[in-house]
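> Need the 3D shape of this:
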Amino acid sequence: MTYTQAQIDKANAVNLEKFLRAQGETLVRSGKEYRWKAHDSLTVCGNKWFRHSQSKGGFPVDFVMEFYGKSFPEAVQMLTGETGEVQPEADPAPSLAFRLPLRNVTNANILNYLTRERKLSPSLVNFFIAAGDIYEDAAHHNVVFVGRDADGHPRYASNRGIREKFRQDVAGAEKAFGFAHRGTDKQLLVFEAPIDLLSFIELFPKNWQQHNYLSLGGVSGKALRQFLSERPDVERVFFCLDADKAGEDACKRLAGLLPDTVSVTRIQPCMKDWNDALVHRAEIPNRNYFKSIVLKEPPKKDSVKIIRMSDVELTPVEWLWKPYLPFGKLSVLQGNPGEGKTYFAMHLAAACTNGKLLPNMERMEPFNVIYQTAEDGLGDTVKPRLIEAGADLDRVLVIDDSEVQLTLSDERIEKAIVENNARLVIIDPIQAYLGSDVDMNRANEVRPIFMRLGQVAQRTGCAILLIGHLNKAAGMQSLQRGLGSIDIAAAVRSVMFIGKLKHDPTMRILTHEKSSLAPPGASLAFSLGDEGGFRWVGEYDITADEMLSGIEPQRETKTQQAKDLICALLAGGKQVLSEDIDKAALERGIPGRTVRDAKRELGDALKSKIVEGRKKVFWME
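Here you go, the predicted structure:
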């Protein structure tokens, strides 16, 4: 039978005077105590007893076991009248011969021994005393270390002499249940003796209660097998046995008992055992108390790395030029041949290096720019254009690829960014830097290249602008006209198009309508006049597809739309409330002011009147 800790506490709280009288025993009052007539040297007071002739005492369970010859379960049942639970078959029954040594009334002697001689802290010793796992025996005042099963019942005890080197297991003690501390994590630290276990905790006290600790009472594997059968979730075992041949051999032998799924490490103390290390720790340089040796590692599991969105930190987008060029991202600028891609790239590089900002660009200190081009000569074309744009030539850098051709996958790009603290990289054109072995029309070859380049931009915080050509196919959408796989456009975060209209030579840059970082309709226009200056246009009612076709569509004005709506509503001589006309206009995106403008332009065709004494206005033909 097994009893819960609550039942055991209930048994030990029984009043011994009332218990003995219920058994028909005779008691004689002696001050505040009662003397048992059958054993006149024994007195009881409340739930405590003391035998003066032998200087030992304890609580009711010990009393019944001592004087009525009962086993532990029988004593609890006799005191409480309650029946315990049937013990599981997997847990072997406790030995009938096993009985804990009688407790002394105080623990003063062992507390003095463990703290002064063994150098353990009083708080640590008192923790285990309070748990009932350490106490002072009444007969010889030795330290008793108690081992329990998973249900908390004592199954093992060993005596440790405090005046001489004496160590002995109590009769009937089961080696399978060693002195231990059961924590909550999946690590188990194994020791030869309880004092070594306590010394290790003293040396490494951080979060110690979370871990599991076990004393084998030697080097046998019984207690280890039993503990792991109770805690099959243990993943890491640390053998902290003595630094001698017996400890070394035992570590290797015990490691063989563990399944391959468990990690095994030998933690060897710098001295003979852990208590020696504790006692002499002031003499150990740099607190090098141990060395570790991995004895067994389980095969690594192939697991999928998961990012939990709750752990992802929100980060705002930082802009080089809002809403076109973000820092730390890839951007692409595409356009028809000869419509100003390189011209724009030169002026962008100039603005970043000389501090003369482009329209709507927030003020920032000039910074280094890496300008990589494969189409124009540096001396006869690139440099003259940069001078014309007003760039600070000391801040415009080019990676020398005269010996080894540069590609988008080249590690030199990231190194050049970091070493020169560049904040913008311009690569013109994309197609020239894909590499000779890459088919730009194959998504499986293009996408990894741009993914790696995007990671470079993110790691460095650098804006990377890719200049791309458009093919000459007619009737295709703008995104599909980029040379190569559409994955080039899909892999970047900001897509822009550059072009001009036939009736208006002013160049325009438009963000693509599906760009996630810029609103559709934003546009920049710049002049190609003598001054070469830029001017901001703002919202421009045209799509990238229409701009690249070169013809601006003729769109009906909002006022004309309002006129058409009014005429449609009033067709056939209908009379409609003005508020209903306003409501219908708003549903079509036409504001009330535009409706009033339309009314004025319609003139005498519309009239209003008061109906039923209320100021309601009708518009009618």
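
> any idea which element residue 446 lies in?
Per DSSP states H and E, residue 446 falls inside helix 443-460.

> ok, and for that helix, which residues are buried?
443, 445, 446, 449, 450, 453, 454, 456, 457, 460 (16 or more other C-beta atoms under 10 Å). C-beta here means a position set from N, CA and C on the backbone, and glycine is covered the same way.

> pLDDT on the helix or strand just after it, on average?
Where DSSP H and E defines the elements, the next helix or strand beyond helix 443-460 is strand 463-469. Predicted confidence along strand 463-469 averages 87 (mean pLDDT).

> Mind giving me the packing neighbours of strand 463-469?
Using 3 or more C-beta pairs under 8 Å, 6 or more residues apart in numbering; DSSP states H and E, the elements in contact with strand 463-469 are strand 325-326, strand 330-335, helix 341-354, strand 422-428, helix 443-460.

> Figure out which of the ones you listed is closest to residue 13.
helix 443-460 (66.4 Å; C-beta to C-beta).

> Just the CA trace of the closest one, in PDB.
C-alpha atoms of helix 443-460 as PDB (Å, rounded to 0.1, in the frame of the first residue of the first chain):
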ATOM      1  CA  ALA A 443      13.000  31.100 -62.500                       C
ATOM      2  CA  ASN A 444      14.800  28.400 -60.600                       C
ATOM      3  CA  GLU A 445      18.200  30.000 -61.600                       C
ATOM      4  CA  VAL A 446      17.200  33.600 -61.200                       C
ATOM      5  CA  ARG A 447      15.300  33.600 -57.900                       C
ATOM      6  CA  PRO A 448      18.100  32.300 -55.700                       C
ATOM      7  CA  ILE A 449      20.500  34.900 -57.000                       C
ATOM      8  CA  PHE A 450      18.100  37.800 -56.100                       C
ATOM      9  CA  MET A 451      17.300  36.200 -52.800                       C
ATOM     10  CA  ARG A 452      21.000  36.200 -51.800                       C
ATOM     11  CA  LEU A 453      21.400  39.800 -53.100                       C
ATOM     12  CA  GLY A 454      18.400  40.900 -51.100                       C
ATOM     13  CA  GLN A 455      19.900  39.300 -47.900                       C
ATOM     14  CA  VAL A 456      23.100  41.400 -48.600                       C
ATOM     15  CA  ALA A 457      20.900  44.500 -48.800                       C
ATOM     16  CA  GLN A 458      19.200  43.600 -45.500                       C
ATOM     17  CA  ARG A 459      22.400  42.700 -43.600                       C
ATOM     18  CA  THR A 460      24.200  45.900 -44.700                       C
END
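
> ok, residue 209 touching residue 183?
Yes. Between residue 209 and residue 183 there is a contact under C-beta atoms under 8 Å: 6.0 Å.

> neighbour-wise, which of the two wins?
For residue 209 versus residue 183, the count of surrounding residues by other C-beta atoms under 10 Å is larger for residue 183: 17 against 13.

> okay, the more buried one: pLDDT?
For residue 183, pLDDT reads 94.

> so it sits right up against residue 201, yeah?
No. Residue 183 is beyond contact range of residue 201, at 11.0 Å (criterion: C-beta under 8 Å).

> what's the overlap in contacts for those two?
residue 213 (C-beta atoms under 8 Å, 6 or more residues apart in numbering).

> returning to that earlier point: make CSV out of the buried residues of helix 443-460 and add distance to residue 175.
As requested, the buried residues of helix 443-460 are exported to CSV (distance: C-beta to C-beta, whole Å):
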residue, distance to residue 175
443, 66
445, 66
446, 67
449, 64
450, 65
453, 64
454, 62
456, 62
457, 64
460, 62
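
> Can you pull out the low-pLDDT segments for the stretch 501-621 of the chain?
501-556, 572, 609-621 (pLDDT under 70).

> and the angle for the helix holding residue 446 with strand 330-335?
Calculated by axes from the mean of the first three to the mean of the last three C-alpha atoms, to 10 degrees, helix 443-460 forms an angle of 120 degrees with strand 330-335.

> Could you tell me how far helix 443-460 lies from the centre of the chain?
25 Å (C-alpha atoms, centre = their mean, to the nearest Å).

> Could you pull up the mean pLDDT of it?
The model assigns helix 443-460 a mean pLDDT of 85.

> list the contacts for the closest residue to residue 457 other than its chain neighbours?
Excluding the flanking residues, the one nearest residue 457 by C-beta to C-beta, 6 or more residues apart in numbering is residue 464, at 4.7 Å. Counting by C-beta under 8 Å, 6+ apart, residue 464 touches 329, 330, 331, 424, 425, 427, 453, 456, 457.

> any idea which of those residues is closest to residue 113?
Taking those together and measuring to residue 113 by C-beta to C-beta, the closest member is residue 456, at 65.2 Å.

> Many thanks, have a good one.
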